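**Q** could you look at this predicted model? Sequence included:
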Amino acid sequence: MCAARLARPQPLLPILDDEDPQRRLRACEARCTHEGCTVQYVPGESVVWCACHNGRFDLDGRVLSGPPPRPLARWVAQRDPDGSVSVAKSPEGSA
Ligand code: FES
């Protein structure tokens, strides 16, 4: 679960890729840059997928295929000592 204090709440997609040996926690904006559908993580393929028009993104939000015109905004996600997860806007913004 994501816990964040945001001035304007945005839907975020937390990602824990089972295939990443470093088990990095990632987060990206959950709203597709094409027409705003909610994207989802596809386990086993290590991609973020938008079902509306088959848009595909890598786990850093970069467009792999389909109609999305821009990458998904990335967020920095980290586990806190109490087990919760905090997220912050990535300094790079988008992928
Ligand atoms: S809304 Fe996501 S690919 Fe069109």
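**A** That came through, no problem.
**Q** check which helix or strand the spatially most central residue of the chain maps to.
**A** When CA atoms, centre = their mean is applied to the chain, the residue found nearest the centroid is residue 28 (2.4 Å). Per DSSP states H and E, residue 28 falls inside strand 25-29.
**Q** now residue 49
**A** Element membership of residue 49 [criterion: DSSP H and E] is strand 47-50.
**Q** kindly report the same for residue 36.
**A** Residue-wise, residue 36 maps onto no helix or strand under DSSP H and E.
**Q** can you pull the pLDDT of the residue nearest to the centre of the chain?
**A** Per-residue confidence for residue 28 comes out at a pLDDT of 90.
**Q** residue 62 - how many residues pack around it?
**A** 17 (other CB atoms under 10 Å). Using the backbone N, CA and C atoms, a C-beta is placed for each residue, glycine as well.
**Q** around the ligand, which positions in the chain sit nearby?
**A** Within the chain, the residues that sit near the ligand (CB under 6 Å from any ligand atom) are 32, 34-35, 37, 50, 52-53, 55, 66-68.
**Q** let's see that with 8 Å instead.
**A** The chain comes close to the ligand at residues 32-37, 39, 50-55, 66-68, as judged by CB under 8 Å from any ligand atom.
**Q** got a list of what the spatially closest residue to residue 65 that is not a sequence neighbour touches?
**A** Excluding the flanking residues, the one nearest residue 65 by CB to CB, 6 or more residues apart in numbering is residue 56, at 4.7 Å. Neighbouring residues of residue 56 by CB atoms under 8 Å, 6 or more residues apart in numbering: 47-50, 63-66.
**Q** got any ranges where the chain has weak pLDDT?
**A** Along the chain, segments meeting pLDDT under 70 span 1-10, 91-95.
**Q** quick one, helices of it?
**A** Taking DSSP state H as the criterion, the chain contains no helices.
**Q** strands of this structure, start to end?
**A** For the chain, the strands defined by DSSP state E occupy 12-16, 25-29, 40-42, 47-50, 55-57, 63-65, 73-79, 85-94.
**Q** cheers, nothing more for now.
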